[in-house]
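>>> quick one, structure for this:
(chains A, B, C and D)
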There are 2 protein chains.
Amino acid sequence: MTESISRRPGRPLGGQLVVDREHVLDAAERVIRREGANASLEAVAVEAGVTKPIVYDRVGGRADLADALAERLADRIVLATRTAIAGETLSQTGLTRFIEANLLTVADHRELFLYVTGGSTEQTALGRLSLAGMSTQPLAKTLAVWRSGIQQDPGVAEAWAFGIVGMLQMVSQWWITQEGLSAAEVAGQISELLWNGLPGRS
Amino acid sequence: MTESISRRPGRPLGGQLVVDREHVLDAAERVIRREGANASLEAVAVEAGVTKPIVYDRVGGRADLADALAERLADRIVLATRTAIAGETLSQTGLTRFIEANLLTVADHRELFLYVTGGSTEQTALGRLSLAGMSTQPLAKTLAVWRSGIQQDPGVAEAWAFGIVGMLQMVSQWWITQEGLSAAEVAGQISELLWNGLPGRS
DNA sequence: TGCAAAAAGTTACCAGCAGTAAGTAATGGG
DNA sequence: CCCATTACTTACTGCTGGTAACTTTTTGCA
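This is a model prediction of the structure:
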């Protein structure tokens, strides 16, 4: 699906960029989907129909690429989960749907998910928070709306948001390697934990 | 603290290995503590007083090294958390101490934690589960003992264990980058969530 | 119209690192 | 005394992230 592009150097007509940032990111997603999480920047450049320095100019280095893709994936997850609970009031079944939507979205972008969660390197290892950081803010807001008590203390909401994102991330990672375990099933279990707490309702 | 070692080739007296697996792993931990999560195998070899092929012979490649170190770290976390709740019956304050112990142990091994959680490469990106997998089994057991309902369904215990480990992992990663936020404080917040559930006790 | 400056890309490279093949020195058995 | 084995090193390959320097086209302006 790579549209054939004039690869010759020189300033094109109208001073328009031949490939923009989004085009490169699209190419990166295709490569990752095809080749897995170990996709190289070189391969991304080829898929985008350009050379490596262009990739660096448009999106930066490997860490930046991971960040950008994390943001995209986070957006999709947020969209899917928001849609799953649209207009509903907080309930356990709603939470289950929320979690199930998360799982299914991750499964839809399996390789991308693995790239993003495992993709940060070295110094930016703190960048593991990339996916978390991106999806954490919307989640924190959602939490604050859902549970009134948090509204006064955004610090708590942040800790909870990171915690929940971490939980969903790890469960997702574990689940996509499992055979014969439905998303609904797992979502129900995690929902039960997150809703009723560790000791359960008596 | 590298003990000076005969670097010369040849079969040493008694056919004893000059450096064993544990020695290499110790060296790896020192290097990671000193140089951060981007430590190379070459550096590990130098620190251990040997050459690269020895490292490969003793522990395998980079992924295997990450796995081995993950197991060590997981053991320490399990030990610390178990100790923190030793002999206690399940309670929210006990859970808080459990989480705090987890946070403090991670902080004690900051760089190692980042190496292990971010260290897996490519195919083994599923190896992100390394740390999780190691600490998950003991945690699942602990959960089963704590909460009787789970005992009959080990599948639930597994999902919960992965979820909780993921939550703790992400919270740890977030917390060690924060300034002026005590472990006890964060532990209390997460404990509250994990104990009373998202909607809270009414 | 002619020409310099800027824009947009490419080529060609470097450095570092994971991983391995082949060679070499010391030991012990026959 | 010699040869096979053991234990280790040297020296390499291949790949990948990242960058410096060059080339081509267009635009602005005198």
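>>> next, count neighbours for A:G149.
Using other C-beta atoms under 10 Å in any protein chain shown, A:G149 has 12 neighbouring residues. Where C-beta positions appear, they are placed from N, C-alpha and C, glycine not excepted.
>>> domains in chain A, as residue ranges please.
With domains defined by automatic domain parsing, chain A comprises A:1-60, A:62-196.
>>> would the last one count as contacting DNA strand C?
Right, the one you point to is domain A:62-196. No - Domain A:62-196 lies apart from DNA strand C when judged by C-beta under 7 Å from any atom of the strand; the minimum separation is 9.2 Å.
>>> before we move on, back to that, distance to B:E111 and mean pLDDT added to the domains of chain A, as CSV?
Shown next, in CSV, are the domains of chain A (distance: least, C-beta to C-beta, whole Å; pLDDT from 0 to 100):
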stretch, distance to B:E111, mean pLDDT
domain A:1-60, 23, 81
domain A:62-196, 9, 88
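>>> deepest-packed of these, please.
Comparing the domains of chain A by mean neighbour count (mean count of other C-beta atoms under 10 Å in any protein chain shown), domain A:62-196 comes out on top with a mean of 20.
>>> how long is it from one end to the other?
This stretch, domain A:62-196, spans 41 Å end to end (C-alpha to C-alpha, to the nearest Å).
>>> ok, stretch A:73-92 next?
25 Å.
>>> the helices in chain A, which residues?
In chain A, the helices defined using DSSP state H lie at A:21-35, A:41-48, A:52-59, A:62-84, A:92-108, A:110-118, A:129-146, A:154-175, A:183-196.
>>> run the chain-centre distance for the fifth one.
Spelled out, that is helix A:92-108. From the chain centre to the centre of helix A:92-108 is a distance of 14 Å (C-alpha atoms, centre = their mean, to the nearest Å).
>>> related to what we said a few turns ago, of all the domains of chain A, which one is nearest B:G61?
Closest approach to B:G61 among the domains of chain A (C-beta to C-beta): domain A:1-60, 13.9 Å.
>>> is the closest one up against chain B anywhere?
Yes - residues of domain A:1-60 contacting chain B under C-beta under 8 Å from any C-beta of the partner chain: A:G36, A:A37, A:N38.
>>> from those residues, which is closest to A:S172?
Within the residues of domain A:1-60 next to chain B, proximity to A:S172 (C-beta to C-beta) peaks at A:A37, which comes in at 14.3 Å.
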